[in-house]
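Engineer: Pasting a predicted model and its sequence here:
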Amino acid sequence: MEKQHQGTVWVPHSEIEPEQAAEGVQRRVLAYGENAMCVENTFETGGVGAMHSHPHTQITYIVSGRYRFTIGEETREVGPGDTLLKENGVVHGCTCLEGGVMLDFFSPMRKDFV
């Protein structure tokens, strides 16, 4: 299925093929426009989101699973229902302790994901 669907009003999950983002991590780029993007990440237990930063503000919503997240100098364990704010330029990453799904919202959209 086509991944480039910028500005598409309706984005059925079943039409978005996952891509390998890292070992044990699959990514689906969902709805997005120039100023915002929603991305679903599915983690296997042990999957790692490597420490990184980017020029986007990012909010993460934990749908399921458990993760050890580091944002800046602080590390915490998070789980379903928790949200995390990562301002642009702040270094962050995680390790999946129990497989699950998280949603990331970026502003502006991540051109490097499309």
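Structural biologist: Received the coordinates, thanks. Small disclaimer: the values here were computed from a predicted structure and weren't measured.
Engineer: Poorly predicted segments of this structure, please.
Structural biologist: For the chain, the stretches flagged by pLDDT under 70 are 1-3.
Engineer: all strands for it, in order.
Structural biologist: Assigned by DSSP state E, the chain shows strands spanning 19-22, 25-33, 36-43, 48-52, 57-62, 66-71, 74-78, 83-86, 92-98, 100-107.
Engineer: Now distance to Gly7 too, for those strands, in JSON lines please.
Structural biologist: In short, each C-beta sits where N, CA and C put it, glycine included. JSON lines is the format used below for the strands of the chain (distance: least, Cβ to Cβ, whole Å):
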{"stretch": "strand 19-22", "distance to Gly7": "20"}
{"stretch": "strand 25-33", "distance to Gly7": "5"}
{"stretch": "strand 36-43", "distance to Gly7": "11"}
{"stretch": "strand 48-52", "distance to Gly7": "27"}
{"stretch": "strand 57-62", "distance to Gly7": "20"}
{"stretch": "strand 66-71", "distance to Gly7": "30"}
{"stretch": "strand 74-78", "distance to Gly7": "32"}
{"stretch": "strand 83-86", "distance to Gly7": "25"}
{"stretch": "strand 92-98", "distance to Gly7": "28"}
{"stretch": "strand 100-107", "distance to Gly7": "15"}
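Engineer: Select, out of the ones you listed, the one closest to Gln4.
Structural biologist: Shortest distance between Gln4 and the strands of the chain, using Cβ to Cβ, is found for strand 25-33: 8.7 Å.
Engineer: Would you convert the strands of the chain into a markdown table that also reports distance to Gln4 and mean neighbour count?
Structural biologist: Below are the strands of the chain laid out as a markdown table (distance: least, Cβ to Cβ, whole Å; neighbours: other Cβ atoms under 10 Å):
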| stretch | distance to Gln4 | mean neighbour count |
| --- | --- | --- |
| strand 19-22 | 13 | 13 |
| strand 25-33 | 9 | 19 |
| strand 36-43 | 12 | 20 |
| strand 48-52 | 23 | 14 |
| strand 57-62 | 21 | 18 |
| strand 66-71 | 29 | 18 |
| strand 74-78 | 31 | 12 |
| strand 83-86 | 25 | 16 |
| strand 92-98 | 26 | 19 |
| strand 100-107 | 16 | 19 |
